[in-house]
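J.: Got a sequence here, can you model it:
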Amino acid sequence: MRNFDLTPLYRSTIGFDRLANILDNVTRTDGGSSYPPYNIEKTGEDTYRITIAVAGFSDDELTIEARDGQLVISGKKGEASDETTFLHRGIATRAFEKRFQLADHVRATDAITANGLLHVDLVREVPEALKPRKIEIAKSRPIEAEKVTVEV
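T.: Predicted coordinates for the structure are as follows:
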């Protein structure tokens, strides 16, 4: 795995330290874990969907939390009964935790499980104060010359 030195970015920019921190976190947190498999879809101009394969997990064994600009999805299987004897166990039910770094103003709106998949819908809602706005240009009007009085 490559390590990137972001020190030059810190030296030559002001106010972009959050971006550098995000890049640092993304490169070090995932660790290449591919379990469970997942998809990230763009479903509209400002809407997204994360789909995670969670076969074998019930709804109450899954948790979804939004904290510190991250979406954390985790699953922990309850205690298994010792009554079942498996001849082959191919469905993985090990605990997992997936972290997704969210952009500013992106939040999770809905989550649902269907057919062994967990779907988490996200939306980007930019506040009105931050949206671009058009400023009307006033019609030009003649500028009146100021009257200057000179005393002699």
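J.: mind checking how far the spatially most central residue of the chain is from Arg124?
T.: Closest to where the C-alpha atoms of the chain average out (C-alpha atoms, centre = their mean) is Leu102, at 1.7 Å. Leu102 sits at a distance of 9 Å from Arg124 (criterion: C-beta to C-beta, to the nearest Å). For the C-beta atoms, the positions are set from N, CA and C on the backbone; glycine is no exception.
J.: can you give me the strands in this protein?
T.: Ranges of strands in the chain, per DSSP state E, are 38-42, 47-53, 62-67, 70-75, 96-101, 106-114, 117-124.
J.: Name the residues of the shortest one that come out as buried.
T.: Put plainly, it is strand 38-42. Residues Tyr38 are the ones in strand 38-42 that count as buried (16 or more other C-beta atoms under 10 Å).
J.: Equivalent analysis for stretch 67-83, please.
T.: 71, 73, 75.
J.: pLDDT and distance to Gly90 for those - can I get that in a markdown table?
T.: Formatted as a markdown table, these follow (pLDDT from 0 to 100; distance: C-beta to C-beta, whole Å):
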| residue | pLDDT | distance to Gly90 |
| --- | --- | --- |
| Leu71 | 94 | 29 |
| Ile73 | 96 | 23 |
| Gly75 | 95 | 17 |
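J.: Looking at those, which one is closest to Ala111?
T.: Using C-beta to C-beta, Ile73 comes nearest to Ala111 of the buried residues of stretch 67-83, at 8.7 Å.
J.: low pLDDT regions in the chain?
T.: Residues of the chain meeting the criterion pLDDT under 70: 1-4, 6, 9-22, 24-32, 80-81, 142-150, 152.
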